[in-house]
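Participant: Structure for this input, please:
(one chain, ligands or ions: 1)
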Amino acid sequence: MSIGAKDSGERDFRAGLRALGRHRPDMAVRSLRAAAAACPASAAAALERRLYWLALALLRLDQAELALKRLASAQKLRPRGNARLLYLRMTNDYGMARRGNPDVEDLYAFYSIQTAAYFARKRRACFDDAAEKDAVVRLVGDAWLALSRSGVLRGLAPSAKIRLFRESRVAFPTFAFTAGMPCRVIKADFRAKASLRGEERCPCGSGLPYRQCCGRIAGLDELKSE
Ligand SMILES: [Zn+2]
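Facilitator: This is a model prediction of the structure:
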């Protein structure tokens, strides 16, 4: 399917590229987001291109996790496209942003998984105040120290670590979950994720391991946005 000249998404796409050229990544993100939203999923090449440039604009705003989220979607559309190349360059074994230190990457994966589990129980993807956030950070941090000091992680393959992280339950107390600010309700199919092994090819047909494609671990910025 081709994208016609009258398509508003195409107009937004060009406006986004112009904004990037003028070093206005904030404006570019707005236009490119609209361009991607207007693109039907059946126009795979056009959508991949729009998501790729949206990711570049987000990177210019230092939004690496949000950029990765877009690249993770885009790379499924065109296995040999630019988005796939950039995605593989930016991502680690967990499908998260590379940080150059394997221990730190393990910690981020563990922290994201546990915080996502906490948000899912709470049914809202945000903290209500600093005290709640501090308490969660402290509890996850303590659990991480216990896990890493126990030595069980040594020599484990990434998919085995992911299983262990998902099976590890942090004993969160029941905080008073107040209804207040509008927050995104988490839609997650935890059973489907748990039933797939990380090293298997992703069922979406991307050719990547599941753990690095549809089973990737979302960064905290991704949980909190959109
Ligand atoms: Zn996939």
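Participant: Write out the residues of this structure neighbouring the ion.
Facilitator: Contact residues (C-beta under 5 Å from the ion) of the chain with the ion: Cys202, Cys204, Ser206, Cys213, Cys214. Where you see a C-beta, it was placed from the backbone N, CA and C, and this is true even at glycine.
Participant: can you tell me which two in those residues are farthest apart?
Facilitator: Comparing every pair within these by C-beta to C-beta identifies Ser206 and Cys214 as the most remote, at 7.8 Å.
Participant: Find residues that contact each of those two.
Facilitator: Residues touching both Ser206 and Cys214 (C-beta atoms under 8 Å, 6 or more residues apart in numbering): Lys76.
Participant: Nearest residue to Leu103 in space, please, no chain neighbours.
Facilitator: Not quite, residue 103 is Asp, not Leu. Distances taken as C-beta to C-beta, 6 or more residues apart in numbering place Ser148 nearest to Asp103, at 7.6 Å, with adjacent residues excluded.
Participant: Check the gap between the one you found and the ion for me.
Facilitator: 29 Å (C-beta to the ion, to the nearest Å).
Participant: With Ser150 instead?
Facilitator: Using C-beta to the ion, which is the criterion applied here, Ser150 is 32 Å from the ion.
Participant: any idea of the pLDDT on that residue?
Facilitator: The predicted structure scores Ser150 at 92 on the pLDDT scale.
Participant: which residues touch stretch 154-164?
Facilitator: Counting by C-beta under 8 Å, 6+ apart, the neighbours of stretch 154-164 from elsewhere in the structure are 93-94, 106, 109, 113, 147, 152-153, 197-199, 209, 211, 215, 217.
Participant: average model confidence for that stretch?
Facilitator: Rounded to a whole number, the mean pLDDT of stretch 154-164 is 91.
Participant: Sort out which residues of it are buried, please.
Facilitator: For stretch 154-164, a neighbour-count test (16 or more other C-beta atoms under 10 Å) marks Pro158, Ser159, Lys161, Ile162, Arg163 as buried.
Participant: Leu47 belongs to a strand, doesn't it?
Facilitator: No. Membership of Leu47 in a strand is not supported by DSSP: H, G, I helix; E, B strand; the rest coil, which gives helix.
Participant: separation between it and Val29?
Facilitator: Computed with C-beta to C-beta, to the nearest Å, the distance linking Leu47 and Val29 is 16 Å.
Participant: And for Ile217?
Facilitator: Between Ile217 and Val29 the distance is 23 Å, computed by C-beta to C-beta.
Participant: Repeat that for Arg163.
Facilitator: The separation that Arg163 has from Val29, given C-beta to C-beta, amounts to 35 Å.
Participant: Pick out the most distant pair among the buried residues of stretch 154-164.
Facilitator: So for those, where distance means C-beta to C-beta, the most widely separated pair is Pro158 and Arg163, at 9.9 Å.
Participant: what's the weakest-modelled helix or strand in this protein?
Facilitator: In the chain, the helix or strand scored least confidently by mean pLDDT, DSSP states H and E is helix 190-195, which has a mean of 51.
Participant: Thanks a lot, catch you later.
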